[in-house]
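Visitor: When you get a sec, could you give me coordinates for this:
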Amino acid sequence: MKSHRQELTFEVPERRGFLNITPQVEAAVRASGVREGLCLVNAMHITASVFINDDEAGLLHDYERWLEQLAPHAPTSHYRHNDTGEDNGDAHLKRQVMGREVVVAITGGQLDFGTWERIFYGEFDGRRPKRVLIKVIGE
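Guide: Here you go, the predicted structure:
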């Protein structure tokens, strides 16, 4: 069995944002040489997410609006976590909703997606470098 590990680093200049990281994940799968297996992609920070959905601007806007309604950033005093001096209690909750990781099958050396599926990095407390792990295993 082959195994390939790669890290990506992102620094989203705003507090929140969504990046389509599918091309970087596809490149890691190619570099792995795995033809049949699995690809794990996970955010290595507790205020960021990796998820799969459609790369459509309206949907990404809807996520932003929905998440802000679900866990608004302000007032920061709303979150007990922020009593520690942080101001990112909302980012932890947003990450919990959007998820930590995805696993995608690899078939014939390519990510085995459904129609319109793409991999996204979701940032909820940006303005500093954060990492994403790609782990590819298989034959």
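
Visitor: buried residues in the helix or strand residue 66 falls within?
Guide: Using DSSP states H and E, residue 66 sits within helix 57-70. Neighbour-count burial for helix 57-70 flags 60, 63, 67 (criterion: 16 or more other Cβ atoms under 10 Å). C-beta here means a position set from N, CA and C on the backbone, and glycine is covered the same way.

Visitor: and that helix, what does it pack onto?
Guide: strand 17-20, helix 89-98 (3 or more Cβ pairs under 8 Å, 6 or more residues apart in numbering; DSSP states H and E).

Visitor: Mean neighbour count, these: which tops it?
Guide: helix 89-98 (a mean of 20; mean count of other Cβ atoms under 10 Å).

Visitor: Pairing partners for the very next helix or strand once past that one, with directions?
Guide: Next along the chain after helix 89-98, taking DSSP H and E as the criterion, comes strand 101-107. Next to strand 101-107 in the sheet, as set by DSSP bridges, lie strand 36-43 (antiparallel), strand 110-111 (antiparallel).

Visitor: Just send the ones you listed back as a markdown table, with mean neighbour count, distance to residue 74 and mean pLDDT too.
Guide: Below are those laid out as a markdown table (neighbours: other Cβ atoms under 10 Å; distance: least, Cβ to Cβ, whole Å; pLDDT from 0 to 100):
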| stretch | mean neighbour count | distance to residue 74 | mean pLDDT |
| --- | --- | --- | --- |
| strand 36-43 | 19 | 24 | 98 |
| strand 110-111 | 16 | 38 | 98 |
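
Visitor: middle-most residue in this structure, spatially?
Guide: residue 50 (2.0 Å; Cα atoms, centre = their mean).

Visitor: Am I right that that residue falls within a helix?
Guide: No. Assessed with DSSP: H, G, I helix; E, B strand; the rest coil, residue 50 is strand; it does not lie in a helix.
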